[in-house]
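> After the sequence you'll find the predicted model.
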Amino acid sequence: MTPKPQTAFIVGASRGLGLALATEYLKRGWRVIATVRGSARTKLHDLEASAGDRLKIEHLDIDVPAEVAALRQRLKNQLLDVLFVNAGVAIDPDKSMTELDTDAFTRMMVTNALSPMRIIEAFDSLVAPDGVIVAMSSELGSVGDNTDGGWEGYRASKAALNTLMRSYAARQGTSPRTLLLIAPGWVRTDMGGAGAPLDVSDSIPRVVDVVTAQTGRSGLQYLDYRGETVPW
C-alpha cells in the first residue's frame with residue numbers, strides 16, 4: 001500500500017520564496033495547501049497541471065481576520081504535517097525610522113509580525129503532534145547581528161515576529177511540536193532584489209532540508225537555510 005503523502009500548508013505562495021516552497025514540497029511528493037492573496041491567476045496556478053490533486057490553492061489575505069477565520073473553517077478536517085507561514089512585505093527599506101511613513105511601518109508590523117502569529121494561533125490545532133510550525137524570518141530580524149543598520153522598519157518587524165514566536169513557544173509548555181524561525185538568506189526575489197547573492201534554488205531546497213532535519217525536535221529554534229543558529 002502506498003503511504004499517504006504528508007501535507008504542508010504554505011501561507012503566502014503566489015511568488016518568490018513561498019512559490020518555491022510549494023514547488024519544492026510538491027517535488028518531494030508532498031500534498032500542498034497553499035494560499036494566494038486576491039483572485040488573479042499566479043505562477044502557483046501553473047503547478048496545478050502537474051501536481052493534480054496534491055495541490056490545493058486557497059485565497060487568503062492574512063491581514064483580514066474574517067478571511068483567516070473562514071479558511072480555518074474550510075480546513076477544519078485537515079491534518080497538517082508542516083505549517084509554514086511565509087507572507088511578508090518590505091516597504092521603503094532604504095528609509096530610516098525618521099523618514100518612514102507611519103502607515104508603512106504599521107503595515108509591516110501587522111503583515112510581518114502580528115498576522116503570521118494570528119495564523120499560527122488559528123491553525124496550530126490542525127498540526128500533527130509530531131508536526132512542524134515554521135515562520136519565515138530573516139537574518140535582518142536578529143538584534144545581535146545588527147551591526148550595520150539599514151532596512152530599519154523591516155528589521156523591526158522581523159525582530160517583533162521573533163519575539164512573538166518566543167512568547168508563543170513559552171505558552172506551549174512541553175508540546176512535542178517543532179517550532180522554527182527560518183532565515184532563508186538574501187535571495188534574488190522581488191523583495192530581495194537583483195543584487196542578492198543567492199538564487200531561490202540555492203536557498204529553498206535547503207530550507208526544506210532544515211525543516212525535515214529538525215522534525216521531531218521539540219522547542220523553538222532560530223536557524224538559517226544552512227541549519228546554523230542565528231543570534232537572537
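Received the coordinates, thanks.

> Contacts made by stretch 43-63 with the rest, please.
When contacts are taken as CB atoms under 8 Å, 6 or more residues apart in numbering, the neighbours of stretch 43-63 outside the stretch itself are 5, 11-15, 19, 22-23, 26, 30-39, 67-68, 71, 74-75, 85, 87, 110-111, 115-116, 118-119. No exception for glycine: its C-beta is placed from N, CA and C like everyone else's.

> chain center to that stretch, what's the gap?
Distance, stretch centre to chain centre, for stretch 43-63: 16 Å (CA atoms, centre = their mean, to the nearest Å).

> What is the neighbour count of the closest residue to residue 157 other than its chain neighbours?
In space, and not counting its chain neighbours, residue 157 is closest to residue 112: 3.8 Å by CB to CB, 6 or more residues apart in numbering. A count of neighbours around residue 112, defined by other CB atoms under 10 Å, yields 27.

> ok, residue 112 touching residue 86?
No: using CB atoms under 8 Å, residue 112 is not in contact with residue 86; the gap is 10.8 Å.

> What about the contacts of stretch 43-63, which are in strands?
Secondary structure from DSSP state E places 11, 31, 32, 33, 34, 35, 36, 85 of the contacts of stretch 43-63 in strands.

> which of those residues has the most neighbours?
The residue in those with the most neighbours, by other CB under 10 Å, is residue 34 (29 neighbours).

> buried set for the longest strand anywhere in the chain?
For the chain, the longest strand by residue count, based on DSSP E, is strand 127-136. Neighbour-count burial for strand 127-136 flags 127, 131, 132, 133, 134, 135, 136 (criterion: 16 or more other CB atoms under 10 Å).

> ok, the residues you listed vs residue 151, which is closest?
Distance to residue 151 across these (CB to CB) is lowest for residue 136, with 15.4 Å.

> Who does the closest one form a beta bridge with?
In this structure, residue 136 bridges to residue 182 when assessed by DSSP bridges.

> got it, and residue 178?
As for beta bridges, residue 178 partners with residue 132, residue 219 under DSSP bridges.

> neighbours around it, how many?
Neighbourhood size, residue 178 [other CB under 10 Å]: 22.

> isn't it right up against residue 216?
Yes: with contact defined as CB under 8 Å, residue 178 and residue 216 form a contacting pair (6.7 Å).

> tell me the centre residue of the chain?
residue 86 (2.3 Å; CA atoms, centre = their mean).

> Contact partners for that residue?
Here residue 86 is in contact with 10, 11, 12, 13, 17, 18, 21, 136 (CB under 8 Å, 6+ apart).

> let's see it at 6 Å
Under the criterion of CB atoms under 6 Å, 6 or more residues apart in numbering, the neighbours of residue 86 are 12, 17, 18, 136.
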